[in-house]
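Undergrad: predicted model and sequence follow; I will ask about them next.
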Amino acid sequence: ERSQPTRSASKGSLGRKATPSKECSTSSRCLLAALEKLNWRSSRTIDIAILSHPHQDHVLNFPKLAKTWKVKMAVVSESSYWTGSGPNRAVMKAIKDEGSKPTYVAQSDKFDWGGAKWTILNPPKDQFGDFESQAGNVSIVYLLEFNGKRLLFTGDIEPNVADRIAGELKPHLDGKRVNV
């Protein structure tokens, strides 16, 4: 991404606002170049790819990525829309071509991947996004706890889903960790 200078209305200070580079907004070449820069271990393996939901702007380049890198596990939410468009069918084919099956997750699933605790907060069990317009709300939302830090990844959820998740998390926050 490229940054463009912006003025903060509240402080009047010069800040940076990230905006996608036009030449890299959908280019798999740029995605692969970015991965090469991050490839400090000289490995061609991605242990876990979380495909938050079946919208083209989130998964379009996955098939090309999977041709260059070995993806051990592809995590997805359940949605019949994974087969509802050409790009999504290509994603599912790429997962199969890796010799794998998609790992479907839902709310309350917990994993210990890479020494971190992963708690899935969305989508609720038995909630499926059958159409493109529903796919964002079955986005995988997860809480990642690692080295005493908590990171929340929200996918493309809409405000009503965000409100539900915030309400569900609030009673579990004790100031030190999240007990979900």
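TA: Looks like it arrived, so ask away.

Undergrad: where are the low-confidence patches of this protein?
TA: Scanning the chain for pLDDT under 70 picks out 1-28, 31, 35, 38-41, 127-135, 171-180.

Undergrad: nearest residue to the middle of it?
TA: When C-alpha atoms, centre = their mean is applied to the chain, the residue found nearest the centroid is Ser52 (4.1 Å).

Undergrad: and it, what does it touch?
TA: For Ser52, the contact set (C-beta atoms under 8 Å, 6 or more residues apart in numbering) comprises His58, Ser77, Ser139, Ile140, Phe153, Gly155, Asp156. Using the backbone N, CA and C atoms, a C-beta is placed for each residue, glycine as well.

Undergrad: now those residues as TSV including secondary structure?
TA: Output for the contacts of Ser52, formatted as TSV (DSSP: H, G, I helix; E, B strand; the rest coil):
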residue	secondary structure
His58	helix
Ser77	coil
Ser139	coil
Ile140	coil
Phe153	strand
Gly155	coil
Asp156	coil
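
Undergrad: may I see those residues organised as a markdown table, with neighbour count added?
TA: Formatted as a markdown table, those follow (neighbours: other C-beta atoms under 10 Å):
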| residue | neighbour count |
| --- | --- |
| His58 | 18 |
| Ser77 | 28 |
| Ser139 | 25 |
| Ile140 | 25 |
| Phe153 | 14 |
| Gly155 | 22 |
| Asp156 | 17 |
